[in-house]
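1. 3D, please:
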Amino acid sequence: MDIGLCRRFGAVLAVVLVLAACANRNADAPVAGTPSATADIYEIDDDNDPLEIVNRFIFAFDMTLDVFIFKPAAATYRFLLPVEVRDSVRNVIRNLRTPVVLANDLFQGEMERAETTTMRFLINTTVGVLGIFDVADGWGYPHHDEDFGQTLAVHGAGEGFYLVLPIFGPSSLRDGFGLVVDILLDPLTYVGQAYDVDDELLARPAVGGIDTRSRNIETLEDLQKDSIDFYARIRSLYRQSRANDIRNGAGAGDQVPGLYSSEIDFGDDADSTEKTTD
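-> Have a look, this model is predicted:
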């Protein structure tokens, strides 16, 4: 494994391993900052958050980045580009992620969903002009997402403890590990190695994150205004949304849009102000 590949997932792996070690040392410690009895119902959950102090610090760091970088970039992106262009950007990013989704479909034994993923890629890459247009959705092959965190859950792995990752946002021990595996499953990781274009390929998650953030500006503002403890509410909604994802939508579950990364978006990404088809 060369330096280029390490740069792409080393930071995430380090965070997961270091925090896992911290959690093992403090497994019997009381949880700090438990939401009070006055918190609303959405902010009360079985938090399983032994690293809450660390997680809150990282959450505050992420929110600072959001205020000064991500949200302004997302607002500018939404202002400059019409919804049709933004939809095309999302379509291309989804098309590029197909190998990861297909691998996880197969790992989960979801052969019908694997067929849908394959047909979407073939149709959108050809008729949809390299994924610019989501023709497959209109032909009966709707988009769905899968990741290795979901695969582990399907095969019985618990979520472990709750984590907040720098930049990537809400996660868990299982999903943090799954993120590393998804990077390894992505053929573009090795294309970046082979042609020394790792930095250029970072544009994909960056643009994807801005696109996702642009679709949820008002939604997140409303959530923050209505929350006594925004951190606790995001934690609760993230878990509900992940449970819904693992069930492939077969059950109720509140969802909240992803804050930063389209790769680990933990909810619906419908535009807050404009209807989009998906």
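
2. tell me the secondary structure at residue 170.
-> For residue 170, the assignment made with DSSP: H, G, I helix; E, B strand; the rest coil gives strand.

3. please report how far it lies from residue 110.
-> Using CB to CB, to the nearest Å, residue 170 is found at 25 Å from residue 110. Bear in mind the C-beta positions are built from the backbone N, C-alpha and C, glycine included.

4. between those two, which one's more packed in?
-> residue 170 (26 against 18; other CB atoms under 10 Å).

5. that one against residue 236, yeah?
-> No: the criterion here is CB atoms under 8 Å, and residue 170 misses it with residue 236 at 10.1 Å.

6. which residue ranges form the helices in the stretch 151-278 of the chain?
-> For the stretch 151-278 of the chain, the helices defined by DSSP state H, counting those that start in this stretch occupy 173-185, 187-195, 198-201, 203-214, 217-226, 230-246.

7. past the lowest-mean-pLDDT helix or strand in the chain, which element shows up next along the chain?
-> Ranked by mean pLDDT, DSSP states H and E, the weakest helix or strand in the chain is helix 3-25, scoring a mean of 43. Counting by DSSP states H and E, the next helix or strand C-terminal to helix 3-25 is helix 52-65.

8. ok now that following helix, how far from the chain's centre?
-> Here helix 52-65 is found 17 Å from its chain centre; the criterion is CA atoms, centre = their mean, to the nearest Å.

9. quick check: which helices or strands does that helix pack against?
-> Helices and strands touching helix 52-65, by 3 or more CB pairs under 8 Å, 6 or more residues apart in numbering; DSSP states H and E, are strand 162-165, helix 230-246.

10. now mean pLDDT too, for the ones you listed, in JSON lines please.
-> Below are those laid out as JSON lines (pLDDT from 0 to 100):
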{"stretch": "strand 162-165", "mean pLDDT": "97"}
{"stretch": "helix 230-246", "mean pLDDT": "95"}
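
11. of all those, which one is nearest residue 212?
-> helix 230-246 (13.6 Å; CB to CB).

12. list the buried residues for the closest one?
-> In terms of neighbour count (16 or more other CB atoms under 10 Å), helix 230-246 has its buried residues at 230-242, 244-246.

13. compute the first-to-last residue distance for stretch 54-73.
-> With CA to CA, to the nearest Å as the measure, stretch 54-73 spans 27 Å from end to end.

14. for that stretch, what is the average pLDDT?
-> The average pLDDT for stretch 54-73 rounds to 97.

15. show me which residues of it are buried.
-> Quick answer for stretch 54-73 (16+ other CB under 10 Å): 54, 55, 56, 58, 59, 62, 63, 66, 70, 71, 73.

16. how close does the fifth one sit to residue 235?
-> The spacing between residue 59 and residue 235, counted by CB to CB, is 9 Å.

17. how close does the closest residue to residue 145 other than its chain neighbours sit to residue 143?
-> For residue 145, ignoring the flanking residues on the chain, the nearest one in space by CB to CB, 6 or more residues apart in numbering is residue 101 at 6.1 Å. Distance of residue 101 to residue 143, given as CB to CB: 9 Å.

18. which one of these two has more residues nearby?
-> residue 101 (24 against 17).

19. contacting residues around that one?
-> 117, 144, 145, 146, 147 (CB atoms under 8 Å, 6 or more residues apart in numbering).

20. can you get me a residue count around the residue nearest to the second one when sequence neighbours are not counted?
-> Read it as residue 144. What sits nearest to residue 144 in space, not counting adjacent residues and going by CB to CB, 6+ apart, is residue 113, at 6.3 Å. Applying other CB under 10 Å, we find 18 residues neighbouring residue 113.
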